[in-house]
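K.L.:
give me coordinates for this.
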Amino acid sequence: MADRLRAEMFRALIARTGGFDAACAVIEAATGEAPHRSTVSQVQNGNAMVPGHWAEILENASGYFPFFNMRRRELEQRAEDGASSPLDLSSAAAKEGGEAISWGLKAIASGKAGDAARAAVEHREAADAHTRCANHFETQGTATVTPVSGKATPLREVSR
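P.N.:
Numbering: from 1, shown residues only. Take a look at the predicted model:
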């Protein structure tokens, strides 16, 4: 589906650039090398991947930016969803955990209610980050884990 969509977007870029021959000429002018007509044809028909630099060249030439807009939307959605990769999730959990420990120690040392309140907030944020991380990893496999209780449990049955 995604490849078909990209092929259609590339075909639209070719049309907006002035047609097949014009698109090939624009690519050649930008790269210094003439693209093989058969390769361009394969790309627009979905039989080959769209070269990113060709898409960028044709977007700039036509003033029509379907690939750029699609990528922008993907990145905006990713930002709205928050961390999504295992590394991002683990990094967020480590960061939040460090902040929670730091504020907890500060609250202990100072004895101030404001520091204790901030420590509580940081610990809740850390717990949320760790929960997101745990949820991600729970969906990755069916390994057996042994929680603190000592009872071996299939990974998917570990309570949250």
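
K.L.:
if I pick His123, what's in contact with it?
P.N.:
His123 makes contacts with Ala100, Trp103, Gly104, as judged by C-beta atoms under 8 Å, 6 or more residues apart in numbering. No exception for glycine: its C-beta is placed from N, CA and C like everyone else's.

K.L.:
the last one: what's its closest spatial neighbour, skipping adjacent residues?
P.N.:
Of all residues not flanking Gly104 in the chain, Ala119 sits nearest, at 4.6 Å (C-beta to C-beta, 6 or more residues apart in numbering).

K.L.:
likewise for the second one?
P.N.:
Spatial nearest neighbour of Trp103, excluding adjacent residues (C-beta to C-beta, 6+ apart): Ala119 at 4.0 Å.

K.L.:
just the ones in helices from the contacts of His123, please.
P.N.:
Assigned to helices by DSSP state H, the following of the contacts of His123 qualify: Ala100, Trp103, Gly104.

K.L.:
wait, doesn't Asp3 sit right on Gly46?
P.N.:
Yes - proximity of Asp3 to Gly46 meets the contact threshold set by C-beta atoms under 8 Å, at 5.7 Å.

K.L.:
tell me which of the two has more neighbours.
P.N.:
Under the criterion of other C-beta atoms under 10 Å, the comparison of Asp3 against Gly46 puts Gly46 first, with 16 against 12.

K.L.:
for Ser91, which three-state class applies?
P.N.:
Following DSSP: H, G, I helix; E, B strand; the rest coil, we place Ser91 in the helix state.

K.L.:
tell me the domain boundaries of the chain?
P.N.:
Using automatic domain parsing, the domain parsing of the chain gives 2-73, 83-157.

K.L.:
as a markdown table, those domains with mean pLDDT would be great.
P.N.:
What follows is the domains of the chain, written out as a markdown table (pLDDT from 0 to 100):
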| stretch | mean pLDDT |
| --- | --- |
| domain 2-73 | 93 |
| domain 83-157 | 80 |
